[in-house]
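**Student:** generate a structure from the sequence data that follows.
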Amino acid sequence: MADTAATPFTTRHGDEFAPNPVAHGGWGPTLGGQVIGGLLARAIEQQVADPDLHPARLTVDILRRVATEPVRTNASVLRTGRRMCSMDATMTQGGDVVARASALFLRRSVQPPGRFWTAPVELPPIPDEPDAIAENMPMFIRAYGASDDADFPWQHDGPRYAWVREFRELVQGESMTAFVRAAMAVDITASMANFSTAGLAFINADYTLTLSRLPDGPSIGLAVQTHSAADGIATGSTALFDHLGPIGIGLSTAIASSGFDPAGRR
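**Tutor:** Numbers count the residues shown, from 1 in each chain. Just a heads-up that it's a prediction; the model follows:
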């Protein structure tokens, strides 16, 4: 449940969403990827009335750096079938398309029998939340990596994990759905997968969320699974969890960039 005392990411004015300063990302005064993806997921989800349709995939393309100015979203159904529904959404700013998303909803059915193999992942336990969170922090996040004494735990050549909980409203006065919560959390896949011993020098151009089921509860865990990079282009993936176990996968492509400042939100 959102803390109603916390500043929301955006405030709705008619068809526009005006971002508050906390919606800044870590790359300067631009809209954070989690807010972009959250608003697009919200627009898509509002077009699906059938509760048996599950959001199995969401892909968000960030076409340019989005200024922290009002944006609009629009979503539409591309195709529906007996077992699926394909959706599309765009985000515009000043009349220009700045981001887009596609989604695939699949109809829930009976789970087939048998045992299925996947690479084992053991996340740290869900952490206790602090008594207070700084007003400029967009979410509660506990990062795990090198050690608790490191300047930033992901800045090492080794495994990286995180537990994330959104405590702000995405849109003022609205409760956040489980799908939107997952769409916002998976944005940190790019940061987690692309940190090196020298820091973070890749900015994500897109990200994809796949879900076998919706997260149960407010906390979402991520564990880096893969990273590859060459000539300033990187790909990375994470495994996603809730308190019950695995729920899906995050995937991101990114391009070399400088100027990341995790404490730069004002």
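**Student:** tell me where the model's unsure across the stretch 151-266 of the chain.
**Tutor:** Within the stretch 151-266 of the chain, the segments meeting pLDDT under 70 span 151, 259, 261-266.
**Student:** and if we set it to 80?
**Tutor:** For the stretch 151-266 of the chain, the stretches flagged by pLDDT under 80 are 151, 258-266.
**Student:** all strands for it, in order.
**Tutor:** Taking DSSP state E, counting those that start in this stretch as the test, the strands found in the stretch 151-266 of the chain are 161-165, 195-196, 199-200, 202-211, 219-230, 233-242, 245-256.
**Student:** ok, and what's touching the biggest helix by length in the chain?
**Tutor:** Longest helix in the chain by number of residues, with DSSP state H as the criterion: helix 33-45. For helix 33-45, contacts defined as Cβ atoms under 8 Å, 6 or more residues apart in numbering pick out 9-10, 17, 19, 23, 25, 55, 58, 60, 62, 66, 71, 73-75, 87, 89, 91, 99-101, 103, 138-139, 170-171, 176-177, 179-180, 183-188, 190, 204, 207, 209. Using the backbone N, CA and C atoms, a C-beta is placed for each residue, glycine as well.
**Student:** in ChimeraX, select just the buried ones from those.
**Tutor:** Filtering the contacts of helix 33-45 down to the buried ones (16 or more other Cβ atoms under 10 Å) takes a single ChimeraX command:
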select :9,10,17,19,23,25,55,58,60,62,66,71,73,75,87,89,91,99,100,101,103,138,139,170,171,176,177,179,180,183,184,185,186,187,188,190,204,207,209
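**Student:** which residue is the nearest non-sequential neighbour of Gln225?
**Tutor:** Of all residues beyond its chain neighbours, the one nearest Gln225 is Ser237 (4.7 Å), with distances taken as Cβ to Cβ, 6 or more residues apart in numbering.
**Student:** what do you get for Thr189?
**Tutor:** Closest to Thr189 by Cβ to Cβ, 6+ apart is Gly250, at 3.7 Å.
**Student:** may I have the phi/psi pair for Arg72?
**Tutor:** phi -130, psi 150 (degrees, to the nearest 10).
**Student:** going forward, begin numbering at 50 instead of 1
**Tutor:** Noted, 50 is the first residue going forward, which turns the last one into Arg121.
**Student:** verify the stated contact: it with Phe66.
**Tutor:** Yes - applying Cβ atoms under 8 Å, one finds Arg121 in contact with Phe66, separated by 7.3 Å.
**Student:** what about the nearest residue to Gln95 once chain neighbours are set aside, which helix or strand?
**Tutor:** Nearest non-adjacent residue to Gln95, counting by Cβ to Cβ, 6+ apart: Ala124, 7.0 Å away. Using DSSP states H and E, the element containing Ala124 is strand 121-129.
**Student:** could you do Asp99 as well?
**Tutor:** According to DSSP H and E, Asp99 maps onto no helix or strand at all.
**Student:** likewise for the one 4 residues further on?
**Tutor:** In this structure, His103 is located in strand 102-111 according to DSSP H and E.
**Student:** any idea how far Leu172 lies from Ala247?
**Tutor:** 26 Å (Cβ to Cβ, to the nearest Å).
**Student:** pick out whichever of those two has more residues nearby.
**Tutor:** A side-by-side neighbour count of Leu172 and Ala247, using other Cβ atoms under 10 Å, places Leu172 first with 17 against 7.
**Student:** tell me who's in contact with that one.
**Tutor:** Counting by Cβ under 8 Å, 6+ apart, Leu172 has contacts Tyr210, Trp212, Gly270, Ala272, Phe290.
**Student:** how many neighbours does the last one have?
**Tutor:** Applying the criterion other Cβ under 10 Å, we find 21 residues in the vicinity of Phe290.
**Student:** which ones are touching the nearest residue to it once chain neighbours are set aside?
**Tutor:** For Phe290, ignoring the flanking residues on the chain, the nearest one in space by Cβ to Cβ, 6+ apart is Gly270 at 3.9 Å. Each residue near Gly270 by Cβ under 8 Å, 6+ apart is listed here: Leu172, Ile175, Tyr210, Ala211, Trp212, Val213, Leu289, Phe290, Asp291.
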